[in-house]
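Asks: let me see the structure of the following:
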Amino acid sequence: MSRIGREPITIPAGVEVTVAEGNVVTVKGPKGSITQALCPQMTITEENGVLHVARADDTKASRSLHGLTRSLLNNMVHGVTHEFSKKLEINGVGYRAEKKGEELVMKLGYSHDVIVKETADVKIDVPDANHIVIHGIDKQKVGQFAADVRNKRPPEPYKGKGIKYEDEHIRRKEGKTGAK
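Replies: You can find the predicted model right below:
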């Protein structure tokens, strides 16, 4: 049995989970609602405010999808109650970010400003000129949006200039003087 797949998911107060035909799961909570089609081979049951995920057989495909289905469900429940967030940090002389309306405007050393628009699922906060906070209820969309923003100017290994995740460590290189 999958150790992750066996774990029950407790549904907090104020969260409503509905499982429709073909394992289309809708989770509604205080922060919003998410709908996602999960693997039809898995059986999702709810009893006494607890969700359980079970698999039909012990084939390799079913075993690998068991833990994944449970993790996706857990992320949906967590997202509508607490939200997910990614924090980005901008390093470099003259590099900065600001929010204008629903747009993130970044000066990243290019001849032009880099502009990224918020989506309906993902919101952007800029607490100061060198930090960006991306948050939303869908973990996959928040992570993808943060990766897209980071790819506008990824950190370089010599001076560490660029956009990096707050907890990311950049391996530094010595440069030309290290060859002698």
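
Asks: need the pLDDT of the nearest residue to Pro155 once chain neighbours are set aside.
Replies: Leaving aside its sequence neighbours, Pro155 sits nearest to Gly162 (Cβ to Cβ, 6 or more residues apart in numbering; 3.7 Å). In short, each C-beta sits where N, CA and C put it, glycine included. Taken from the predicted model, the pLDDT recorded for Gly162 is 96.

Asks: Val126 and Glu103 touch, don't they?
Replies: No - look at Val126 against Glu103 with Cβ atoms under 8 Å: they stay out of range, at 10.8 Å.

Asks: tell me which of those two has more neighbours.
Replies: Using other Cβ atoms under 10 Å as the criterion, Val126 and Glu103 rank with Val126 on top: 19 against 14.

Asks: list the buried residues for the strand or helix carrying Gly143?
Replies: If you go by DSSP states H and E, Gly143 is part of helix 139-150. Judged by neighbour count using 16 or more other Cβ atoms under 10 Å, the buried positions of helix 139-150 are Lys139, Lys141, Val142, Phe145, Ala146, Val149, Arg150.

Asks: and for stretch 101-118?
Replies: Neighbour counts over stretch 101-118 (16+ other Cβ under 10 Å) mark Leu104, Met106, Lys107, Leu108, Val114, Val116, Glu118 as buried.

Asks: how far does that stretch sit from its chain's centre?
Replies: Mean-position distance between stretch 101-118 and its chain equals 21 Å (Cα atoms, centre = their mean, to the nearest Å).

Asks: gap between stretch 56-68 and the chain center?
Replies: With Cα atoms, centre = their mean, you get 24 Å for stretch 56-68.
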